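In: The following comprises the amino acid sequence and a computationally predicted model.
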Amino acid sequence: MSDSRTPAEIEADIVRRRADLAATLDEIGVRVHPKTIVGVAQDSVRQAVDRSAGRAYVAVNRAVTNVRGQLVGPDGAPRLERVVPVAVAAVALIVVVASLSSRRRRR
């Protein structure tokens, strides 16, 4: 198999391949550098937290909308037949928590 390239073409090809290899090695060096690895890990964690926070926001928003739908009528007026029992239960819960808290302090 005969190579029909001139020595200058072969030398230019070698120079180009060396430059490509140097660029590849530089890129590998950047990728395995500890700061790069830490940065990639931080970005990954940040994205995971953002996704989790987004899901939590959607879930809370859905829950608030559902509760509001139960306690407020279509016209925007409160449904007293549902609001009053919820308010009474909330007050009872506050009284129980306060009494338990005051008992712990007395000991």
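Out: Yep, it's here.
In: Quick check: what element follows the top helix by length along the chain along the chain?
Out: When secondary structure is assigned using DSSP state H, the longest helix within the chain turns out to be helix 34-71. The element immediately downstream of helix 34-71 (helix or strand, assigned by DSSP states H and E) is helix 80-106.
In: Show me what the helix or strand of the chain with the lowest mean pLDDT is packed up against.
Out: Lowest on mean pLDDT, DSSP states H and E among the helices and strands of the chain sits helix 80-106, with a mean of 90. Under the contact definition 3 or more CB pairs under 8 Å, 6 or more residues apart in numbering; DSSP states H and E, helix 80-106 sits against helix 34-71. All C-beta spots, glycine's among them, are computed from the backbone N, C-alpha and C.
In: where in this structure is pLDDT low?
Out: For the chain, residues meeting the criterion pLDDT under 70 lie at 1-2, 107.
In: What are the buried residues along the longest helix of the chain?
Out: Counting neighbours by 16 or more other CB atoms under 10 Å, one finds that helix 34-71 has no buried residues.
In: Which strands or helices does that helix pack on?
Out: Judged by 3+ CB pairs under 8 Å, 6+ apart, the packing partners of helix 34-71 are helix 80-106.
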